[in-house]
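Enquirer: pasting the sequence and the predicted coordinates here, then a few questions.
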Amino acid sequence: MSIYRVSRSIEASIIDGITTILVANGWSNVNVEKTFSQVYNQTPPTVCIRVGDTTHLWAEIGDNNTRREVQVLIDLFCTGDGQRLDLKDCLIAELKAGLVYYDYVITNGVVDTKTANGRISVLEITDRPINFDTEKDELDPIDRNRHLLILRCSLGKIEI
């Protein structure tokens, strides 16, 4: 038995949260992945969640306590421009409220339990279409209608 530490718990909580958002909004045919390489084994639409840069901001002068801010990259791989726009707008509308943060217990490589332990606050959302400066028909089909959401998130907790 083991537990996920903070970074993996944030990533897993966001994957769980986005999966819930998609189902609740009628997006039953969307694959959700955490490994970018797995996206190319899927048929769009696919959402890939990755944790990017993490900043540890000092909580007080003269102390080692910090407040974590995490960059989360959400890549959308869609079948067309309309689906790309609808999917990104759906996610943005729901992500503004933040997501539940879970602590995960893992047994034999599988999530055994998850326990809610706060919220992931979304502090900022950057909404960016991916432009490869290449004609769409020359791109691999999965890359033709891509979009990137970049979130800046915080747990709002001081880490000792």
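Expert: Noted; the coordinates are in hand.
Enquirer: switch to C-alpha atoms for all contacts and neighbour counts from now on
Expert: Noted.
Enquirer: may I have stretch 132-148 as CSV, with CA atoms only?
Expert: This file holds the C-alpha atoms of stretch 132-148, laid out as CSV (Å, rounded to 0.1, in the frame of the first residue of the first chain):
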residue,chain,number,x,y,z
PHE,A,132,1.3,24.4,-36.4
ASP,A,133,1.6,26.9,-39.3
THR,A,134,0.9,24.0,-41.7
GLU,A,135,-2.2,23.3,-43.8
LYS,A,136,-4.5,21.1,-41.8
ASP,A,137,-4.8,18.4,-44.5
GLU,A,138,-1.0,18.0,-44.2
LEU,A,139,-1.1,17.2,-40.5
ASP,A,140,-1.7,13.9,-38.8
PRO,A,141,-5.5,13.7,-38.4
ILE,A,142,-5.3,13.8,-34.6
ASP,A,143,-3.3,17.1,-34.7
ARG,A,144,-5.7,18.9,-37.1
ASN,A,145,-8.1,20.3,-34.4
ARG,A,146,-6.0,20.8,-31.3
HIS,A,147,-6.5,23.2,-28.4
LEU,A,148,-4.6,23.9,-25.2
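Enquirer: pull out the buried positions in that stretch.
Expert: Within stretch 132-148, the residues scored as buried using 16 or more other C-alpha atoms under 10 Å are 141-148.
Enquirer: show me what the lowest-mean-pLDDT helix or strand in the chain is packed against.
Expert: Taking mean pLDDT, DSSP states H and E as the measure, helix 36-39 is the helix or strand of the chain with the lowest mean score, a mean of 87. Judged by 3 or more C-alpha pairs under 8 Å, 6 or more residues apart in numbering; DSSP states H and E, helix 36-39 is in contact with strand 46-58.
Enquirer: please name every helix or strand in contact with the strand it packs on.
Expert: Packing partners of strand 46-58 (3+ C-alpha pairs under 8 Å, 6+ apart): helix 6-24, strand 31-33, helix 36-39, strand 66-77.
Enquirer: who does it pair up with?
Expert: When pairs are called by DSSP bridges, strand 46-58 turns out to pair with strand 31-33 (parallel), strand 66-77 (antiparallel).
Enquirer: for it, give the mean pLDDT please.
Expert: Here strand 46-58 scores 94 as its mean pLDDT.
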